[in-house]
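Q: Give me a 3D structure for the following:
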Amino acid sequence: MMTNLFSSFDPSTSMNLSLNWMSIMLGLIVLPTMFWIIPSRINFMWIKLCLMLSNEFKVILKIKEMKSITLIFLSLFSLIMSNNVLSLFPYIFSSTSHLVLTLTLALPLWLSFMIYGWINNTIYMFAHLVPQGTPPILMPFMVCIETISNIIRPGTLAIRLTANMIAGHLLLTLMGSTGNKLSLLMINMLVLSQLLLLLLESAVAIIQSYVFSILSTLYSSEVN
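A: Predicted coordinates for the structure are as follows:
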């Protein structure tokens with residue numbers, strides 16, 4: 001029995017060790033060996049998805065040929081999506097619902113973009129703080145607003161992913177905890193609603209990984 005509503009997100013185990021974080025590597029174990037050897041349907045689907053995402057990243061980054069920088073964002077998308085989807089299974093730790101993981105992904109990316117931009121494109125970074133057409137009297141305020149919005153970017157990336165994963169899991173937990181108090185008809189309706197909600201959460205798991213990688217790509221394109 002859960003001690004509180006958020007105990008399903010507790011990373012500790014019975015041995016007082018945070019072994020639940022090993023679920024990040026669970027995707028490599030779940031995927032069958034045949035996926036890596038013979039071009040299966042799953043492999044073809046994954047390659048098509050990666051090519052589609054790579055083309056979108058190239059448009060955002062304004063590059064014409066394939067470059068290794070798109071592999072960074074493809075790897076980021078794959079890592080987040082695999083953890084999001086795996087967390088929907090019972091008794092699997094939801095690692096992406098913790099700021100420890102999401103901030104670890106967002107903060108180094110944003111920091112590397114900022115360091116690269118301020119070292120190589122200093123004038124452009126200063127010019128980016130003042131939008132084009134801003135009246136001179138509003139320029140100090142716009143610099144403050146743009147600076148604050150730039151600083152909170154890794155936090156918004158991390159919190160967006162964490163909040164979306166926590167919200168769906170909590171709703172599923174709340175609905176499931178009321179099952180022993182309902183009649184047979186209401187239980188059937190509850191199971192149907194939970195299946196629909198699980199389908200929605202599967203879509204959210206993929207969409208949030210896409211949003212995270214696309215926003216990271218947009219932040220990268222602003223420093224070039």
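
Q: where are the low-confidence patches of the chain?
A: Applying pLDDT under 70 to the chain picks out residues 1-19, 30-38, 64-67, 224.

Q: run the last query once more with 50
A: The chain contains residues with pLDDT under 50 at 1.

Q: Next up, phi/psi of residue 114, please.
A: phi -70, psi -40 (degrees, to the nearest 10).

Q: For it, which non-adjacent residue is closest in space?
A: residue 223 (7.2 Å; CB to CB, 6 or more residues apart in numbering). The C-beta positions use only the backbone N, C-alpha and C, and glycine is treated the same way.

Q: Also residue 222?
A: Looking at residue 222 with CB to CB, 6+ apart, the closest residue is residue 128, at 6.7 Å.

Q: What about that neighbour, how many residues nearby?
A: Neighbour count of residue 128, defined by other CB atoms under 10 Å: 14.

Q: Tell me the spacing between residue 144 and residue 26.
A: From residue 144 over to residue 26 the distance is 44 Å, taken as CB to CB, to the nearest Å.

Q: ok, now residue 115?
A: For residue 115, the distance to residue 26 equals 33 Å [CB to CB].

Q: wait, what's in contact with the residue nearest to residue 114?
A: 113, 114, 116, 117, 120, 121, 124, 125 (CB atoms under 8 Å, 6 or more residues apart in numbering).

Q: so which strand or helix has it?
A: When elements are assigned from DSSP states H and E, residue 223 belongs to no helix and no strand.

Q: and if you look at residue 110?
A: Secondary structure assignment for residue 110, by DSSP H and E: helix 99-120.

Q: what comes up buried for the following helix or strand past that helix?
A: Using DSSP H and E, the next helix or strand after helix 99-120 towards the C-terminus is helix 122-128. Going by neighbour count (16 or more other CB atoms under 10 Å), the buried part of helix 122-128 is residue 125.
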